[in-house]
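A.B. asks: I'll drop the sequence and a predicted model, then ask my questions.
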Amino acid sequence: MASTYLTRTEANFGTATNRKKCTISFWLKKSLLTSQQAVMGVETTPAGGSNEARIVLKSDDTFEFYDYQSGYTFRYKTNRLLRDTSAYYHIVLTVDTTQSTTSDRVKIYINGVQETSFSIGTHPNQNLDTFLNSGAYVQIGRQSTGNSYFDGLISHFHFIDGTAYDASAFGETDTTTGEWKAKTSPSVNYGTNGFFILKDGNGITDQSGEGNDFTLGGGTLTDLKDNPDNTFATLNPLDKGLTSTSFNLSNGNLTMGNAANTNDYGLRGTLGASSGKYYWEIKAVNGGEVLGITKSDTTLTINNMSGSPDAGFWGWQSNGTGASINSYNNGTFSNSNALQGYASNSIIGVALDMDNGKLYMSIDGVWKDADNNTSDPANQTNPFYTTIPTDGTFIMPYTEHRSSGDPASHWNFGNGYFGTTAVSSAGTNASDNGIFEYDVPTGYTALSTKGLNL
């Protein structure tokens, strides 16, 4: 949540082991783009002061890291843009001002690779005592003035007092996939003021053994399943059909609000598949939104699924209880289906069978096809659509705003929440991947990086 932050006061820290050396390692998944967001701030007081050190995502989506003591003692701003909302970035900041070579005194690693291209690159003087490792007031998730909140997810946050480690201490390359992955229990010496929080879910009790626990300063710290080793799909603010309009995404890009636009426009999810079987849920707060899937290579424009819909889209729209479901089947529109519409706040289940080219829909746990027959994704009976391509085409979740309604929806790809509300009573899930309101059909799993590799 974008108003959430953690604190630890200066009085609760000890004397630093060595202010010339420290390491910070964390994983983050961005939700909000083109907005300044503070990941960590070290301040003289909760209200700030003449000295500070900060880790900041800038409004141009670059990354900044600096130490300020009545003037910048060091400052780095990357040329690289961090704009991927579908995956975690692993960031390691290594400080050792005892190094004789100026460029070795501060090192920034992103996903295991050292950054060397900066628009600002001010190196520290040799043997500088940083304010960063001064044991001052620390906030994670915002800066001292109470704004620039981080909007996204943070995991495996380490602070090392007195030792400079490189990225390999906290991450490694997976020998099977070739991807950079977290070392969940790294062998490091944390030092007096070191800490390790957010190791598993939302735990802010220090796991380093130093007892440097944090407290929740504000907002809600939600315990999601999403983590660096298993990233779940979300809606993608970059992959949309109307670039000039915001979709009012929130809650980690899992809630879509009404953007008050007269046109019909949509956006895709962040993950998709060309094989396998996947399940997700949407709480349809209002019926004006089209819920469904699309090909990864379809061009998203205004009115993709309005009137005479484009091919490459499949989905449903309800005008409320008593009205028939509008269906969109790869370019064919129908509003005469026997299946009636769903009420506001209904939970729509989606079962995507890429192996057999079928798509199923449930309303509050009841599976039905367009003719109102009972369907069963596990046994492949009475699917809603049978025209999903099985030729290796990549299919992704899709939603489209409709100007005739007041769309709002909460998407659960397995994190176990609709917005900020946890599922009321989790259904069964044989894959043990994700938490859902209703039973996951046998043979299906969550649309996540783990699910894609099951």
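C.D. replies: Structure's in. What do you need? Note that the coordinates shown come from a computational prediction; the quantities given were computed from them, not determined experimentally.
A.B. asks: Report the beta-bridge partners for the residue nearest to residue 416 when sequence neighbours are not counted.
C.D. replies: Spatially, and ignoring its direct neighbours in sequence, residue 416 is nearest to residue 435 (3.2 Å; C-beta to C-beta, 6 or more residues apart in numbering). For the C-beta atoms, the positions are set from N, CA and C on the backbone; glycine is no exception. Each beta-bridge partner of residue 435 is listed here: residue 415, as defined by DSSP bridges.
A.B. asks: Might you report the residue contacts of residue 435?
C.D. replies: By C-beta atoms under 8 Å, 6 or more residues apart in numbering, the contact list for residue 435 reads 225, 414, 415, 416, 423, 426, 429.
A.B. asks: distance of the last one from residue 375?
C.D. replies: Put plainly, it is residue 429. 19 Å (C-beta to C-beta, to the nearest Å).
A.B. asks: swap in the second one?
C.D. replies: Look at residue 414 and residue 375: by C-beta to C-beta, they are 22 Å apart.
A.B. asks: So the two - more neighbours on which side?
C.D. replies: residue 414 (28 against 22; other C-beta atoms under 10 Å).
A.B. asks: just checking, the more buried one touches residue 225?
C.D. replies: Yes. Residue 414 is within contact range of residue 225, at 5.8 Å (criterion: C-beta atoms under 8 Å).
A.B. asks: between these two, what contacts are shared?
C.D. replies: 232, 434, 435.
A.B. asks: any chance of these in JSON lines, plus pLDDT?
C.D. replies: Listed next are the shared contacts of residue 414 and residue 225 as JSON lines, based on pLDDT from 0 to 100:
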{"residue": "232", "pLDDT": "97"}
{"residue": "434", "pLDDT": "97"}
{"residue": "435", "pLDDT": "98"}
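A.B. asks: now, among the residues you listed, which is nearest to residue 177?
C.D. replies: Closest to residue 177 out of these is residue 232 (17.2 Å), distances taken as C-beta to C-beta.
A.B. asks: Quick one: neighbours of the closest one, just the number.
C.D. replies: With other C-beta under 10 Å as criterion, residue 232 counts 30.
A.B. asks: State the distance from the closest residue to residue 290 other than its chain neighbours to residue 315.
C.D. replies: For residue 290, ignoring the flanking residues on the chain, the nearest one in space by C-beta to C-beta, 6+ apart is residue 400 at 4.0 Å. Distance of residue 400 to residue 315, given as C-beta to C-beta: 7 Å.
A.B. asks: Now do the shared contacts for those two.
C.D. replies: 290, 305.
A.B. asks: which residues in the stretch 301-450 of the chain form strands?
C.D. replies: 313-317, 326-329, 332-334, 346-353, 358-363, 366-368, 395-401, 409-412, 417-418, 421-422, 445-446 (DSSP state E, counting those that start in this stretch).
A.B. asks: can you tell which of the ones you listed is closest to residue 237?
C.D. replies: Taking those one by one with C-beta to C-beta, strand 395-401 is closest: 12.3 Å.
A.B. asks: Dump the C-alpha coordinates for that closest one into CSV.
C.D. replies: Coordinates of each C-alpha in strand 395-401 appear next as CSV, following Å, rounded to 0.1, in the frame of the first residue of the first chain:
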residue,chain,number,x,y,z
ILE,A,395,-2.2,-15.6,-24.2
MET,A,396,-2.5,-13.0,-21.4
PRO,A,397,-5.2,-11.7,-19.0
TYR,A,398,-7.1,-8.7,-20.3
THR,A,399,-9.6,-6.1,-19.1
GLU,A,400,-11.4,-3.3,-20.9
HIS,A,401,-13.1,-0.2,-19.5
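A.B. asks: Which secondary structure elements does it sit against?
C.D. replies: strand 265-269, strand 290-295, strand 313-317, strand 409-412 (3 or more C-beta pairs under 8 Å, 6 or more residues apart in numbering; DSSP states H and E).
A.B. asks: give me that answer again for 7 Å
C.D. replies: Judged by 3 or more C-beta pairs under 7 Å, 6 or more residues apart in numbering; DSSP states H and E, the packing partners of strand 395-401 are strand 265-269, strand 290-295.
A.B. asks: tell me the angle that strand makes with strand 346-353.
C.D. replies: 150 degrees (axes from the mean of the first three to the mean of the last three C-alpha atoms, to 10 degrees).
A.B. asks: Now do strand 395-401: distance to the chain's middle.
C.D. replies: On the basis of C-alpha atoms, centre = their mean, to the nearest Å, strand 395-401 sits 17 Å off its chain's mean C-alpha point.
A.B. asks: Poorly predicted segments of this protein, please.
C.D. replies: In the predicted model of the chain, residues 1-2, 11, 47, 145, 243-246, 258-263, 287, 320-322, 402-407 satisfy pLDDT under 70.
A.B. asks: how far away is the nearest residue to residue 396 once chain neighbours are set aside from residue 237?
C.D. replies: Closest residue in space to residue 396, ignoring its immediate chain neighbours: residue 272 at 3.4 Å, by C-beta to C-beta, 6+ apart. To residue 237, residue 272 is 16 Å away according to C-beta to C-beta.
A.B. asks: Of those two, which one has the most company?
C.D. replies: residue 272 (22 against 19).
A.B. asks: pretty sure that one contacts residue 392?
C.D. replies: No. Taking contacts as C-beta atoms under 7 Å, residue 272 lies outside contact range of residue 392: 12.0 Å.
A.B. asks: Is it possible to get TSV of the helices and strands packed on strand 395-401 that adds mean neighbour count and distance to residue 334?
C.D. replies: Below are these laid out as TSV (neighbours: other C-beta atoms under 10 Å; distance: least, C-beta to C-beta, whole Å):
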stretch	mean neighbour count	distance to residue 334
strand 265-269	25	19
strand 290-295	24	13
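A.B. asks: so which of those gets nearest residue 184?
C.D. replies: strand 265-269 (27.1 Å).
A.B. asks: got the contact list for the closest one?
C.D. replies: 233-236, 239-242, 245, 247, 294, 300, 302, 304, 396-401 (C-beta atoms under 7 Å, 6 or more residues apart in numbering).
A.B. asks: one more time with 6 Å, if that's ok
C.D. replies: 233, 235-236, 239-242, 300, 302, 304, 396-401 (C-beta atoms under 6 Å, 6 or more residues apart in numbering).
A.B. asks: Which two of those have the greatest separation?
C.D. replies: The most distant members of the contacts of strand 265-269, if one measures by C-beta to C-beta, are 233 and 302, lying 24.1 Å apart.
A.B. asks: Those two: which is more packed in?
C.D. replies: Higher neighbour count among residue 233 and residue 302: residue 233, with 29 against 16, using other C-beta under 10 Å.
A.B. asks: I figured that one was touching residue 271, is that so?
C.D. replies: Yes. Here residue 233 reaches residue 271: they are 3.9 Å apart, a contact under C-beta atoms under 6 Å.
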